[in-house]
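A.B. asks: Next one to model:
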Amino acid sequence: MKFSKFTAIAFIGSIAITSFAGDYTAPKEIVTDHPTDGWDSHRPDSHAPIGVMGEHTHEKGEVMLSYRYMYMDMRPNFIGSTEVTPQQSLAAGFLITPTNMRTESHMVGAMIGATDDLTLGFMLPHIDKSMDHLVATGATFNTQVSGIGDFKFGGLLDFWEKGTQKAHLNLMVSAPTGSITDTDFVPPAGGPVRLPYPMQLGSGSWDVLPGVTYLGQQGDISWGAQLLGTIRLEDNDQGYQFGNEMTANSWVAYRLSDRLSTSLRVTGKSWGDVEGSDPLIGGPVPTARPDLRGGSRLDVFGGINYNFRNGFLNGHRLAVEAGRSVYENLDGPQLGMDWMMTVGWQKAF
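C.D. replies: Next up, the predicted model:
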């Protein structure tokens, strides 16, 4: 798997964030009923931006339930770092090209503090995908798929804490519960066909998701960095495996009050082409080409976290984050990410 320099930017950026936070002199401290000489888990920014997964741990016996709604809009196509029109994509030797893809995910999750150092986590998504296409004749059509995605489970292991800084290992596994054999009616084919690789709901393989997460707080500023991998362990039962992935996140947040914080996040991601191929996935469209699936991109997000502190909703957290890609380099023609939004709810017991 290639590790793009643009993926590394987000993780290296945490060095600058840490340096800034270390030199930062806080204004008058917001008064809370929680100690501030160590990590304060009751701050609104003690949880990372809602688009980051596996970014905090829990004490023994604590349980947290969560729900996330994620929407991603993908357009236009890229060849390398150059945007191409649908007509240019067709001119690259294809009779059909995708023009837009929309993905909606509803993810439910749970975290359980097994010990003071080990937090167990579980996540299961329901995914809806829709892709618009243009045919060389000028006709258009749409394909859709909906269902359960891959189930992720594992643990977060605390291994370092000093004052208001801490770090943990991400030790997760992805089980192949999402379908990789979905079909839909395709007018140029005159009937239902197996949908291309990006329209399938899962990887079809057992994958390991190792990583490391670092967090810090000082005054009204908090920051974090996370490096995560996705390693495919095997070919799936259709004869291929998705490329390995590497994702780097770095973020900084500002606590506006004991309830509200804002955040800025930079994410770099790099992923490989599909290895092998599904003999039932074909046709004159770029999404059916396993060698046109890899790439890298750099995204920027802004977010808000709100922590209810009293009343019926005491302890509930609501958060929203949205952003877009600022750089893409794709094996293509391949749809790039235009923008993405995540809305989430969390409650610890």
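A.B. asks: Backbone dihedrals for P286, both of them.
C.D. replies: phi -60, psi -30 (degrees, to the nearest 10).
A.B. asks: can you give me the helices in the stretch 151-300 of the chain?
C.D. replies: Counting by DSSP state H, counting those that start in this stretch, one finds no helices in the stretch 151-300 of the chain.
A.B. asks: What is the burial count for V135?
C.D. replies: V135 has 17 neighbours, counted by other C-beta atoms under 10 Å. Every residue, glycine included, has its C-beta placed from N, CA and C.
A.B. asks: which residues sit in contact with the nearest residue to it once chain neighbours are set aside?
C.D. replies: Excluding its sequence neighbours, the residue lying closest to V135 (C-beta to C-beta, 6 or more residues apart in numbering) is I96, at 5.4 Å. Counting by C-beta atoms under 8 Å, 6 or more residues apart in numbering, I96 makes contact with 90, 133-136, 188, 283-285.
A.B. asks: Now, of the residues you listed, which are buried?
C.D. replies: Neighbour counting with 16 or more other C-beta atoms under 10 Å marks 90, 133-135, 188, 283, 285 as buried within the contacts of I96.
A.B. asks: Just put these in JSON lines and tack on distance to G154 and pLDDT.
C.D. replies: Putting the buried ones among the contacts of I96 into JSON lines (distance: C-beta to C-beta, whole Å; pLDDT from 0 to 100) gives the following:
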{"residue": "L90", "distance to G154": "43", "pLDDT": "96"}
{"residue": "H133", "distance to G154": "37", "pLDDT": "98"}
{"residue": "L134", "distance to G154": "41", "pLDDT": "98"}
{"residue": "V135", "distance to G154": "43", "pLDDT": "97"}
{"residue": "P188", "distance to G154": "42", "pLDDT": "93"}
{"residue": "G283", "distance to G154": "37", "pLDDT": "93"}
{"residue": "V285", "distance to G154": "36", "pLDDT": "97"}
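A.B. asks: Keep only those of the contacts of I96 that are in strands.
C.D. replies: Of those, the ones assigned to strands by DSSP state E are 133-135.
A.B. asks: nearest to M337, of the contacts of I96?
C.D. replies: H133 (18.3 Å; C-beta to C-beta).
A.B. asks: So that closest one is in contact with N142, correct?
C.D. replies: Yes - with contact defined as C-beta atoms under 8 Å, H133 and N142 form a contacting pair (7.1 Å).
A.B. asks: Contacts for stretch 77-92 next, please.
C.D. replies: Contacts of stretch 77-92 (C-beta under 8 Å, 6+ apart): 76, 96-99, 134, 136, 286, 295, 327-330, 332-336.
A.B. asks: Can you measure across that stretch, start residue to end residue?
C.D. replies: Stretch 77-92 stretches 12 Å from its first residue to its last (C-alpha to C-alpha, to the nearest Å).
A.B. asks: Just give me how far it sits from the chain centre.
C.D. replies: Taking C-alpha atoms, centre = their mean, to the nearest Å, one finds the center of stretch 77-92 at 25 Å from the center of the full chain.
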